[in-house]
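> give me coordinates for this.
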Amino acid sequence: MNPLQEKQFEMLKVFIGICEKHNLQYFLVGGSTLGAVRHKGFIPWDDDIDVGMVRDEYDKFIKIAPKELEGTEFFLQTWRSDPHFTYPFAKIRNNKTTYVEDFFANHQINHGVWIDILPIDGLTDKNIPKEKCKPRLRRYIFHIYMAYLPALLRKFHKRTFFKDLFFGFVGLLFYPLNIAHFHQRRLDKMAHEYPLDKATLAGNHLYYFTGRVEGLPPKIYLETTDAEFEGIKVKIQKDYDTYLKCLYGDYMKLPPENQREGHHYNTGFSLDVGWEEYLYGKKK
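Residues are numbered from 1 along each chain as shown. Purely as a prediction, here's the structure:
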């Protein structure tokens, strides 16, 4: 593991500890499942950890985790706990680190190193090909983008005053489109539309960002098995073969060397300086 992966691995263990304490079901998703199967840990060039929970378990975790993380260096980030965070899923952040993702560089959110916690939802209750879900997913992504611009509204800091002034003005222009997190509430409503016990296809809505429609039978996410990840036991999909083929095709084949790189880019990074001190000179 490289130093960034070590920080993320630490958060993964905290996450798993909360799940085990409260008997919550989880599983790795995306590249983290691939890493567990192909590398028994991180994909060597990967730069994040993704975990998934079916919606009911995710909702329970969101209620439980803040109390469990209270008094620690970790923070559960959602659109409710961090008002200018625009994604409809959760992250655990390390307050004593900094990773200013370029996409959110001008958003006044917690910018600590993170792991993603992704809810798995029903996509439809009809017997249709997964490609038929694309219009729904386009609407989902539209609401995410509409939530992005108002979140540029900023508080002012001495070190970033003129930057705050500019982006605060942009955010103010779009703020009426997002009063009381209208778009986030719309996303939440869409996510709960098809409970897994009634859905014919399920998946993570956000993978549509990458051009994929994940739609799989719900049982793929309801049945798990043990796997090894950097020396600890984790949960992955029992039928991980079907899951990984859906996402990656021939998943055991390594990509060309020129494609072996992480997919996150930053405008500020530190593993030993907290994000508030790094960005604003504030110490906690």
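> from here on, contacts and neighbour counts on C-alpha atoms
OK.
> now do the helix or strand where F142 lies: which elements does it pack against?
Using DSSP states H and E, F142 sits in helix 134-148. Here helix 134-148 touches helix 182-191, going by 3 or more CA pairs under 8 Å, 6 or more residues apart in numbering; DSSP states H and E.
> just checking, what packs against the helix it packs on?
helix 134-148.
> got the angle for the helix it packs on vs helix 182-191?
Between helix 134-148 and helix 182-191, the angle comes out at 150 degrees (axes from the mean of the first three to the mean of the last three CA atoms, to 10 degrees).
> helix 134-148: which residues count as buried?
K134, L137, Y140, I141, H143, I144, M146, A147, Y148 (16 or more other CA atoms under 10 Å).
> over to stretch 120-128?
Buried-residue list, stretch 120-128, by 16+ other CA under 10 Å: I120, D121, G122, L123, T124, D125.
> now it - C-alpha only, PDB.
The C-alpha coordinates for stretch 120-128 follow below in PDB (Å, rounded to 0.1, in the frame of the first residue of the first chain):
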ATOM      1  CA  ILE A 120     -27.600   0.300  -4.100                       C
ATOM      2  CA  ASP A 121     -31.100   1.000  -5.300                       C
ATOM      3  CA  GLY A 122     -33.800  -0.500  -7.500                       C
ATOM      4  CA  LEU A 123     -33.700   0.800 -11.100                       C
ATOM      5  CA  THR A 124     -37.000  -0.600 -12.300                       C
ATOM      6  CA  ASP A 125     -39.800  -3.000 -11.300                       C
ATOM      7  CA  LYS A 126     -40.400  -4.100 -14.900                       C
ATOM      8  CA  ASN A 127     -38.700  -6.900 -16.900                       C
ATOM      9  CA  ILE A 128     -36.800  -4.700 -19.300                       C
END
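> lowest-confidence helix or strand of this structure?
Here the helix or strand of the chain ranked lowest by mean pLDDT, DSSP states H and E is helix 161-174, holding a mean of 64.
> strands along the stretch 101-250 of the chain, start to end?
113-124, 201-203, 224-229, 232-237 (DSSP state E, counting those that start in this stretch).
> dump the ones you listed into a markdown table; add distance to K13 and mean pLDDT as well.
Shown next, in a markdown table, are these (distance: least, CA to CA, whole Å; pLDDT from 0 to 100):
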| stretch | distance to K13 | mean pLDDT |
| --- | --- | --- |
| strand 113-124 | 11 | 96 |
| strand 201-203 | 24 | 94 |
| strand 224-229 | 11 | 98 |
| strand 232-237 | 9 | 98 |
